[in-house]
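Enquirer: Dropping a prediction and its sequence here:
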Amino acid sequence: QLQFVESGGGLVQPGGSLRLSCVASGSTLDYYSVGWFRQAPGKEREGVSCISSSDDSTYYTDSVKGRFTISKDDAKNTVYMQMNNLKPEDTAVYLCAVLYGSLCLDPQLPSDYSAWGQGTQVTVSS
């Protein structure tokens, strides 16, 4: 059974950077797309980025375009998200999940994903 463990979160000042990792176990990611989501207190879970298994094409929500980059290392069965120029509004728990399909969907809806990890907290504050 596919499972994810996220790491790499922390406290960072506005304008800073973090790299999140999402390590998969129980199955390879060769045939599955993987998405990053975030959830701030009192808000709905929001799709942030996705990487497709078929051609490594990517999807980003508008608020992170140009600042976040999703990538994967098949040898390590890991998906990363590099986050630059972080803003206070990026503060949230970040989670990864699998889309049982070869291409990311637009919009990126949590209901299409499964095998959720526990998440890693990202706090952007001065």
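Expert: Thanks, I have it. Numbering: from 1, shown residues only.
Enquirer: Can you give me the neighbour number for Ser71?
Expert: Using other Cβ atoms under 10 Å, Ser71 has 14 neighbouring residues. Where you see a C-beta, it was placed from the backbone N, CA and C, and this is true even at glycine.
Enquirer: which non-adjacent residue is nearest it?
Expert: Tyr80 (5.0 Å; Cβ to Cβ, 6 or more residues apart in numbering).
Enquirer: residues touching that neighbour, list them.
Expert: Arg19, Leu20, Ser21, Cys22, Ile70, Ser71, Lys72, Asp73 (Cβ atoms under 8 Å, 6 or more residues apart in numbering).
Enquirer: Which positions are bridged to it in the beta structure?
Expert: Ser21, Ser71 (DSSP bridges).
Enquirer: can you pull the pLDDT of the most centrally placed residue in the chain?
Expert: For the chain, the residue sitting closest to the mean C-alpha position, by Cα atoms, centre = their mean, is Trp36 at 2.0 Å. Looking at Trp36, its pLDDT is 98.
Enquirer: name the element it belongs to?
Expert: Using DSSP states H and E, Trp36 falls within strand 33-39.
Enquirer: Surely Ser49 is in contact with Gly35?
Expert: Yes. With contact defined as Cβ atoms under 8 Å, Ser49 reaches Gly35; the gap is 6.8 Å.
Enquirer: List the residues that are in contact with both of the two.
Expert: Gln108.
Enquirer: Isn't Tyr31 up against Asp74?
Expert: No. Assessed by Cβ under 8 Å, Tyr31 is found out of contact with Asp74, at 11.1 Å.
Enquirer: any residues touching whichever helix or strand comes after the strand holding Trp36, and which ones?
Expert: For strand 33-39, the following helix or strand on the C-terminal side (DSSP H and E) is strand 46-51. With contacts defined as Cβ under 8 Å, 6+ apart, strand 46-51 is touched by 33-39, 57-61, 64, 68, 70-72, 79, 81, 92, 94, 99, 104-105, 107-110.
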